[in-house]
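Student: what's the 3D shape of this:
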Amino acid sequence: MLPAAVADAADATLDLADRADLAWDPLLIAVAGYILTAVGRVHQLFPALDIVHPATMAGVVAIGCYAIDRQPERRFHDVRVGPTKYIAAFLAWMILSSFGALVLGTSFDVVFGNFVKTAVMFVIVAGAIRGPRDVERLAMVYLVSATLYAAVVISRFDLGSGEAWRLGHLYYYDANDFATFTVTALPFGLYFLHAADRGFTRVFAALSLCILAVAFVRTGSRGGFIALVAVTAFIVFRYTAIALRWRIAATALVALVVVGTASDQYWTQMGTILSDADYNRTDESGRMHIWRRGIGYMFRNPIFGVGPGNFQAAEGMLSSFAARQQIGVGVRWNAAHNSYIQVGAELGMPGLFIFIAIIASTFAGLRRLNRLYSFAADDREENPRALTNALTASLVGFVVGAYFLSLVYTELFYTLAALSVGLCKVAHPGYAESD
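Tutor: Here you go, the predicted model:
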């Protein structure tokens, strides 16, 4: 008798094969539009598109299509799993934390003007997926959006000398945010470079890796560099669904572009990561000092925090130097520059635990899926391990990059989590019941 895991994987591969040729439909197109605009910010690259508010339109159309869809693969029941439940709990805790916020209007805008839509679209993106081919399509959309953003940035923003050696604030993202976005897209480039059926797609994937690497270097982001190292290590040592030669080749391609385009100033900047003289360690507005104060805000308000979106308000109202404003001395209302400290300070310890639970449960689902299909035949359409590894690598990039950025409420993470839940939903027998 076959072991249970092998039997489950065999049954699942037959089911996946039946769904491999499902075509694009209006719901999937709307979800693709949402990813292009909410994550890729395409409408801000080309202002003419912003006139019709494409992000809102794509979201509304996707919600409407999902509401009337009756396909069994798109049942809401199948996405009521660990990450979804934790996101619902996270939203509920954000609402509760808003009542004691330092600035109520800021919290109201973060919760009801932003995160409610993000949480709803998480369900829609995960629910819209009917099979691994749909995840592939949306992963390609994610890669296209990152590549397009990178290409526009490269073409429109020139680097100069002195302080202008790296990119600054871009469209929606700043340079550091964009570096993390880039790192999360690179694993999809590797996936399509190896797994694509058509030569054109493979050429595009290789070109995307090069464009993303060039744009990444121009950001000059040290946090992004650390995230890139983490993703590279995962790809080389843990992306086992793809042959080692492919992993080494893709890593070498990105490394060659980085080394070939990085300036001396770039490597000097990277060399300061562990420097005791770096401003992040010595300056009042450096990350280390902000993080210490952020931990203090969390312990000062351990249950509900200072309110969603209110970390900067805490810097201006609760910090040790806030009183200077009374004598006319300007005070910087700093961002947290660390998603984990940000969520702990803004939503208290329960909010931090729930946020970590969203991340952990998403990784856990992908890990179970990877183990299940490690027994199955190595065929791309019937074995989604390579896609599972790509999503895991992207999430690694986010988790590491988020340590240096304030990304708690952004669509970037929740889109990757939704793709992960969608893949687990269609490829893991009993996934919904296991949670």
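Student: and residue 111, what does it touch?
Tutor: 91, 94, 95, 98, 308 (C-beta atoms under 8 Å, 6 or more residues apart in numbering). Glycine gets a C-beta too; all of them are placed from N, C-alpha and C.
Student: just the buried subset of those residues, please.
Tutor: Neighbour counting with 16 or more other C-beta atoms under 10 Å marks 91, 94, 98, 308 as buried within these.
Student: if we can go back for a sec, which one of the contacts of residue 111 is nearest to residue 314?
Tutor: Proximity to residue 314 was ranked across those by C-beta to C-beta; first place goes to residue 308, at 11.9 Å.
Student: quick one: the closest one and residue 342, what's the gap?
Tutor: 10 Å (C-beta to C-beta, to the nearest Å).
Student: now residue 24
Tutor: Distance from residue 24 to residue 342, by C-beta to C-beta: 37 Å.
Student: do the same with residue 149
Tutor: Look at residue 149 and residue 342: by C-beta to C-beta, they are 24 Å apart.
Student: so for these two, which sits in the more crowded spot?
Tutor: Comparing residue 149 with residue 342 by other C-beta atoms under 10 Å, the one with more neighbours is residue 342, at 32 against 28.
Student: just give the closest residue to the more buried one, not the sequence neighbours.
Tutor: Closest residue to residue 342 apart from its sequence neighbours, by C-beta to C-beta, 6 or more residues apart in numbering: residue 336 at 3.6 Å.
Student: does the one you found touch residue 404 like I think?
Tutor: No: contact criterion C-beta atoms under 8 Å: residue 336 and residue 404 do not qualify, at 10.0 Å.
Student: give me the more crowded residue out of those two.
Tutor: Per other C-beta under 10 Å, whichever of residue 336 and residue 404 has more neighbours is residue 336, with 26 against 22.
Student: OK, contacts around the more buried one?
Tutor: 290, 291, 294, 311, 342, 345, 406 are the contacts of residue 336 under C-beta under 8 Å, 6+ apart.
Student: give me the number of residues near residue 51?
Tutor: Using other C-beta under 10 Å, residue 51 has 8 other residues around it.
Student: does it count as helix, strand or coil?
Tutor: Secondary structure of residue 51, reduced to three states by DSSP: H, G, I helix; E, B strand; the rest coil: helix.
Student: same question for residue 230.
Tutor: Assigned by three-state DSSP, the conformation of residue 230 is helix.
Student: mind telling me what element the closest residue in space to it that isn't next to it in sequence is part of?
Tutor: Nearest residue to residue 230, sequence neighbours excluded (C-beta to C-beta, 6+ apart): residue 400, at 4.3 Å. Secondary structure from DSSP states H and E places residue 400 in helix 385-401.
Student: what strand or helix carries residue 240?
Tutor: Per DSSP H and E, there is no helix or strand for residue 240.
Student: now residue 293: how far from residue 421?
Tutor: Distance, residue 293 to residue 421, by C-beta to C-beta: 35 Å.
Student: swap that for residue 313, sorry
Tutor: Distance, residue 313 to residue 421, using C-beta to C-beta: 33 Å.
Student: of those two, who's got more company?
Tutor: residue 421 (30 against 18).
Student: which residues touch residue 84?
Tutor: By C-beta under 8 Å, 6+ apart, the neighbours of residue 84 are 122, 123, 126, 421.
Student: from those residues, which two are the most distant?
Tutor: Largest pairwise distance in those, by C-beta to C-beta, is 9.1 Å, between 123 and 421.
Student: if we can go back for a sec, which one of the contacts of residue 336 is nearest residue 172?
Tutor: Looking across the contacts of residue 336 and measuring by C-beta to C-beta, the closest to residue 172 is residue 406, at 13.7 Å.
Student: helix, strand or coil for that closest one?
Tutor: At residue 406 the chain is in coil, as set by three-state DSSP.
Student: that one reaches residue 339, doesn't it?
Tutor: Yes: between residue 406 and residue 339 there is a contact under C-beta under 8 Å: 6.1 Å.
Student: mark which of the contacts of residue 111 are part of helices, please.
Tutor: Of the positions in the contacts of residue 111, 91, 94, 95, 98 sit in helices, assigned by DSSP state H.
Student: could those go into a markdown table alongside distance to residue 222 and pLDDT?
Tutor: Output for the ones in helices among the contacts of residue 111, formatted as a markdown table (distance: C-beta to C-beta, whole Å; pLDDT from 0 to 100):
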| residue | distance to residue 222 | pLDDT |
| --- | --- | --- |
| 91 | 32 | 98 |
| 94 | 30 | 98 |
| 95 | 35 | 98 |
| 98 | 33 | 97 |
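Student: please identify which of those residues is nearest to residue 250.
Tutor: residue 91 (37.2 Å).
Student: just give the closest residue to that closest one, not the sequence neighbours.
Tutor: Leaving aside its sequence neighbours, residue 91 sits nearest to residue 119 (C-beta to C-beta, 6+ apart; 5.0 Å).
Student: and the one you found, how many neighbours does it have?
Tutor: Applying other C-beta under 10 Å, I find that residue 119 has 18 neighbouring residues.
Student: re the thing from before, find the residues that touch each one of residue 123 and residue 421.
Tutor: Counting by C-beta under 8 Å, 6+ apart, the contacts common to residue 123 and residue 421 are 79, 84.
Student: about what we covered before: save the contacts of residue 84 as CSV, and put in distance to residue 43 too.
Tutor: Output for those, formatted as CSV (distance: C-beta to C-beta, whole Å):
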residue, distance to residue 43
122, 20
123, 23
126, 23
421, 26
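Student: pass me the low-pLDDT residue ranges in the chain, would you?
Tutor: Applying pLDDT under 70 to the chain picks out residues 1-21, 160-162, 322-323, 325-331, 375-382, 434-435.
Student: dump the residue contacts of the nearest residue to residue 304 once chain neighbours are set aside.
Tutor: Spatial nearest neighbour of residue 304, excluding adjacent residues (C-beta to C-beta, 6+ apart): residue 97 at 4.4 Å. Residues in contact with residue 97 (C-beta under 8 Å, 6+ apart) are 107, 304, 305, 307, 308, 346, 347, 348, 351.
Student: in the helix or strand that contains residue 62, which residues are buried?
Tutor: Assigned by DSSP H and E, residue 62 belongs to helix 54-68. For helix 54-68, a neighbour-count test (16+ other C-beta under 10 Å) marks 54, 55, 58, 59, 61, 62, 63, 65, 66 as buried.
Student: and the helix or strand where residue 372 lies, how far out from the chain's middle?
Tutor: For residue 372, the host element (DSSP H and E) is helix 339-373. The chain centroid and the centroid of helix 339-373 are separated by 13 Å, computed with C-alpha atoms, centre = their mean, to the nearest Å.
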